[in-house]
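Colleague: Give me the fold of what follows.
(one chain, ligands or ions: 2)
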Amino acid sequence: MDAVTSVPVPTNEPVRAYAPGSPERESLRRRVASLEGQSHELTMTIGGVERMAGGDRVDVVQPHDHRHVLGVTAQATHQDVADAVTAARAAAPAWQELSFDERAAVLLRAADLLAGPWRDTLNAATILGQSKSVQQAEIDAACELIDFLRFNVHFARGLLAEQPRSGPGQWNRFDHRPLDGFVVAITPFNFTAIAGNLPLAPALMGNTVVWKPSPTQQLAAHHTMRLLEAAGLPPGVVNMVTGDGQAVSEVALADPGFAGLHFTGSTRTFKALWRAMAANLDTYRSYPRVVGETGGKDFVVAHPSADPGALVTALVRGAFEYQGQKCSAASRAYIARSVWSSVRDQLVDVTKSLSYGDVTDFSHFGGAVIDARAFAKHQDALAAARSDDTVEVLVGGGCDDSVGYFVEPTVLVGSDPRNDIFTTEFFGPILSVFVYEDEDFEDILDVVDTSTPYALTGSVFATDRVAIERAGRALRFAAGNFYVNDKPTGAVVGQQPFGGSRGSGTNDKAGSAFNLLRWTSPRTIKETFVPPTDHTYPHMA
Ligand SMILES: NC(=O)c1ccc[n+]([C@@H]2O[C@H](COP(=O)([O-])OP(=O)(O)OC[C@H]3O[C@@H](n4cnc5c(N)ncnc54)[C@H](O)[C@@H]3O)[C@@H](O)[C@H]2O)c1
Ligand SMILES: N[C@@H](CCC=O)C(=O)O
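Modeller: Ligands and ions are numbered 1, 2, ... in the order given. Have a look, this model is predicted:
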């Protein structure tokens, strides 16, 4: 059990600007060039040992230049995953016995290494492998991951300090045990920070983990693993397996010692994993903890009183940064007709001016979508929009995969708010706009609330306080992260704890005490100092 010491008070890692001529820009450029020039063996790491997975080999490429292979990874086999489970089990006793402070120190050291000498490596890997601009890589791979590491230590310390009351003659205590088994972390391609946080939050609370990153995030995941080793994470605490995850479902989720799933990814994958867990329920020693943060169809509602300039900037940044590949991306906007008439042309002009290209040229606003599958999905969605009489392609709509998987920033205007363009998560740079009559504000709030299965993020733009209050009430359950006069993306750890409900997830708020609570299984201990020696009560006299 742990002594209650204090831990360093966290502050958010400052975002570096990488302006032309700055030393940080030159340093990052050099690291991008050196990683780009290497061919990486993207191994698994099991019990601290790196080895190539036993299944089919898969090239990891630059999405904006798909002939450029960054490295090769491989599908984990059933035996590979079984080895990772064995390693997690073997490492558990020593990791659990280590005091909270010692575990926390490893993660705080990782944060400081990432803020310093490892920053360029994780940023460069994220730029190259996931096609992020410098700004998008910096807020993710550097700042958000550093913040997760530091803030989680602070929140976990707060949880440990929560202790029950003790009556006279007794002492009641919580022993914050880890779960009784191992945790599986399955992570998405789009955030290096989420990929790092999902195995590390349970590890901080004393669990050992099998981590399965996305193959398209494997370059940054590989370097994250090396960072953790440099920080002193003991072998076997986090065991990284590679590939598409099928073997993880079939082996790790079927193991009696499976105790928790920490997942972020699509709603479809999460439901498939939940079904697999349900089918294995009689196998498990404990009821597994299930945390899943999933898809979104995130909204912006503009009231007639909205500030047009602020609205356009929020739509462009919210919808088109990182090519719309954020679960929080603005993908449906409901704009009052009077506001639309003043923002339409500006939205077209700004959208046309955005440059997507090879992100190793730091002057681009964005890069390519992640892979051929995503490209084909967007191409199909845009073709369907073009052939739909109720939809106008206002700007963009083009796709080109000859060099990289490029999809133009696109604005669609639709006249049917129940159309696919307003209900399906495309996860690309496609913003759908519905123009409503000014007097229909209340009705449109109902449409926003009821037309998709998701409830992740959303914004209202208005200067009228009554309208802001109405939207806040009507959309109370339509978003786990609700913004007033701001874009629906860019949550910061410790400031806007992140997660949504309904089809968007279990809303366990990554980077907060709510999330960490899921990875501990408290034991209550009551000690009586002078136990009674007579079983009778006064009323029996
Ligand atoms: N709510 C959030 O906080 C949040 C954050 C980031 C991304 N997302 C969502 O993630 C999605 C994009 O990420 P993605 O394309 O990587 O998602 P995805 O569902 O395709 O993949 C997520 C992870 O699951 C793995 N996986 C897929 N099938 C599996 C199986 N049968 N068994 C085991 N593992 C399996 C993948 O390899 C990957 O590691 C979007 O829907 C986005 O909204 C949500
Ligand atoms: N936390 C990020 C989104 C993560 C999902 O992709 C944001 O708030 O934009």
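
Colleague: Walk me through the domains of the chain.
Modeller: Structurally, the chain divides into domains by the TED database as follows: 47-294+505-523, 298-484.

Colleague: Next, the distance between the ends of the last one.
Modeller: By that I understand domain 298-484. From its first residue to its last, domain 298-484 covers 14 Å (Cα to Cα, to the nearest Å).

Colleague: Show me which residues of the stretch 251-400 of the chain are close to ligand 2?
Modeller: 326-328 (Cβ under 6 Å from any ligand atom). C-betas here are computed from N, CA, C, even on glycine.

Colleague: For ligand 1, which of the domains of the chain is the nearest?
Modeller: Closest approach to ligand 1 among the domains of the chain is made by domain 47-294+505-523 (2.3 Å; Cβ to the nearest ligand atom).

Colleague: is any part of the closest one close to ligand 1?
Modeller: Yes - Domain 47-294+505-523 is in contact with ligand 1 by Cβ under 6 Å from any ligand atom, via 186-191, 194, 212-214, 244-246, 248-249, 264-266, 269, 272, 293-294, 505.

Colleague: Quick one: end-to-end distance for that domain.
Modeller: Domain 47-294+505-523 has its terminal residues 28 Å apart, counting by Cα to Cα.

Colleague: How about stretch 296-309?
Modeller: 25 Å.

Colleague: thinking again about what came up before, now, which of the residues of domain 47-294+505-523 next to ligand 1 lie within strands?
Modeller: 186, 212, 264, 293 (DSSP state E).

Colleague: give the contact list for the second one.
Modeller: Looking back up the chat, that one is Lys212. Going by Cβ atoms under 8 Å, 6 or more residues apart in numbering, Lys212 touches 76, 184-187, 240-243, 245, 248.

Colleague: Also the last one?
Modeller: The neighbourhood of Glu293, defined by Cβ under 8 Å, 6+ apart, consists of 263-264, 327, 498-500, 504-508, 510.

Colleague: run the last query once more with 10 Å
Modeller: 188, 194, 198, 262-265, 270, 327, 456, 480, 498-500, 504-510, 515 (Cβ atoms under 10 Å, 6 or more residues apart in numbering).

Colleague: Put the alpha carbons of the longest helix along the chain into CSV.
Modeller: Longest helix in the chain by number of residues (criterion: DSSP state H): helix 78-97. What follows is helix 78-97, C-alpha atoms only, in CSV (Å, rounded to 0.1, in the frame of the first residue of the first chain):
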residue,chain,number,x,y,z
HIS,A,78,-2.3,-16.3,-31.7
GLN,A,79,1.1,-17.4,-30.2
ASP,A,80,2.4,-13.8,-30.2
VAL,A,81,-0.6,-12.6,-28.3
ALA,A,82,-0.5,-15.5,-25.9
ASP,A,83,3.2,-14.6,-25.2
ALA,A,84,2.2,-11.0,-24.5
VAL,A,85,-0.5,-12.2,-22.0
THR,A,86,2.0,-14.4,-20.3
ALA,A,87,4.5,-11.5,-20.1
ALA,A,88,1.9,-9.2,-18.6
ARG,A,89,1.0,-11.8,-16.0
ALA,A,90,4.6,-12.4,-15.1
ALA,A,91,5.3,-8.7,-14.7
ALA,A,92,2.2,-8.1,-12.5
PRO,A,93,3.5,-9.0,-9.0
ALA,A,94,6.6,-6.8,-9.1
TRP,A,95,4.7,-3.9,-10.7
GLN,A,96,1.9,-4.1,-8.2
GLU,A,97,4.3,-4.2,-5.3
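
Colleague: from the middle of its chain, how far away would the helix or strand that that helix is followed by be?
Modeller: Using DSSP states H and E, the helix or strand that follows helix 78-97 towards the C-terminus is helix 100-115. Offset of helix 100-115 from its chain centre (Cα atoms, centre = their mean, to the nearest Å): 21 Å.

Colleague: separation between Asp508 and Val209?
Modeller: Distance, Asp508 to Val209, using Cβ to Cβ, to the nearest Å: 16 Å.

Colleague: Please apply the same query to Leu456.
Modeller: Going from Leu456 to Val209 by Cβ to Cβ gives 25 Å.

Colleague: what about those two, which has more around it?
Modeller: With neighbours defined as other Cβ atoms under 10 Å, Leu456 and Val209 compare such that Leu456 has more, 31 against 26.

Colleague: What confidence value was assigned to the more buried one?
Modeller: As predicted, Leu456 sits at a pLDDT of 98.

Colleague: and if you look at the one 10 residues further on?
Modeller: Val466 carries a pLDDT value of 98.

Colleague: so which helix or strand takes in it?
Modeller: Going by DSSP H and E, Val466 is in helix 465-474.

Colleague: show me the residues around the residue of the stretch 1-150 of the chain found nearest ligand 2 that make contact.
Modeller: In the stretch 1-150 of the chain, the residue that lies nearest ligand 2 is Glu144 (7.3 Å; Cβ to the nearest ligand atom). For Glu144, the contacting residues are 12-13, 15, 138, 191-194, 196-197, 490-493, 498, 510-511, by Cβ under 10 Å, 6+ apart.

Colleague: at 6 Å what do you get?
Modeller: Contacts for Glu144 (Cβ atoms under 6 Å, 6 or more residues apart in numbering) come out as Ala193.

Colleague: now Arg317: how far from Leu28?
Modeller: 22 Å.

Colleague: got it, and Val251?
Modeller: Distance of Val251 to Leu28, given as Cβ to Cβ: 39 Å.

Colleague: tell me the SS of Val350?
Modeller: helix (DSSP: H, G, I helix; E, B strand; the rest coil).

Colleague: I figured it hits Val316, correct?
Modeller: Yes - proximity of Val350 to Val316 meets the contact threshold set by Cβ atoms under 6 Å, at 5.2 Å.

Colleague: Same drill for the two, tell me which one is more crowded.
Modeller: Val316 (22 against 18).

Colleague: Thought Val348 was touching that one, still the case?
Modeller: No - with contact defined as Cβ under 6 Å, Val316 does not count as touching Val348 (10.8 Å).

Colleague: Next, Ala302: phi, psi?
Modeller: phi -110, psi 120 (degrees, to the nearest 10).
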